[in-house]
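Undergrad: below are the sequence and a predicted model for it; my questions follow.
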Amino acid sequence: MNATEMIQAMKQMDNGERIKFLEYVYHAHFSSSSDGNEKLANRYAIEEYIERDLNEEEREMVERAYENGRGDGFHEGMRKALQS
């Protein structure tokens with residue numbers, strides 16, 4: 001299906017269907033948010049690297065750095081978060 005066909009199909013959808021379709025397209029192709037498994041795997045990798053469990057504050061910092069750094073480069077975001 002090409003873009004023109006998608007536009008034609010959207011014109012025939014009711015608002016509820018259109019919203020579901022656009023949410024799917026956004027999350028499948030444009031969103032940079034990660035799922036919980038990816039965040040958990042990242043946390044475990046950091047804990048293994050520093051050889052200890054992260055405390056609650058550190059977990060929150062890592063999660064924020066990961067979310068903010070995903071689009072601009074995860075490692076740079078992590079480096080900045082762990083420096084503070």
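TA: Here it is on my side, so go on. Numbers count the residues shown, from 1 in each chain.
Undergrad: where does pLDDT dip in this protein?
TA: Applying pLDDT under 70 to the chain flags residues 31-36, 66-84.
Undergrad: any idea how the protein splits into domains?
TA: Domain segmentation of the chain under automatic domain parsing yields 1-31, 36-83.
Undergrad: secondary structure class for Arg52?
TA: coil (DSSP: H, G, I helix; E, B strand; the rest coil).
Undergrad: adding mean neighbour count, write the domains of the chain out as CSV.
TA: C-betas here are computed from N, CA, C, even on glycine. Shown next, in CSV, are the domains of the chain (neighbours: other CB atoms under 10 Å):
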stretch, mean neighbour count
domain 1-31, 10
domain 36-83, 13
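Undergrad: I'd guessed Arg59 sits against Arg43; true?
TA: Yes: counting by CB atoms under 8 Å, Arg59 touches Arg43, with 6.4 Å between them.
Undergrad: quick check: phi and psi at Arg52.
TA: Dihedral angles phi and psi of Arg52 (degrees, to the nearest 10) take the values phi -160, psi 160.
Undergrad: any idea how far Met13 is from it?
TA: Counting by CB to CB, to the nearest Å, the gap from Arg52 to Met13 is 52 Å.
Undergrad: cool, and Val25?
TA: Look at Val25 and Met13: by CB to CB, they are 13 Å apart.
Undergrad: would you map the helices across the chain?
TA: Using DSSP state H, the helices of the chain run over 3-11, 15-29, 36-50, 56-72, 74-83.
Undergrad: roughly how far does Ala65 sit from Asp53?
TA: Looking at Ala65 against Asp53, where the rule is CB to CB, the gap reads 17 Å.
Undergrad: same check on Glu23?
TA: Distance check for Glu23 against Asp53: by CB to CB, it reads 36 Å.
Undergrad: report the contact partners of Arg18.
TA: The neighbourhood of Arg18, defined by CB atoms under 8 Å, 6 or more residues apart in numbering, consists of Met10.
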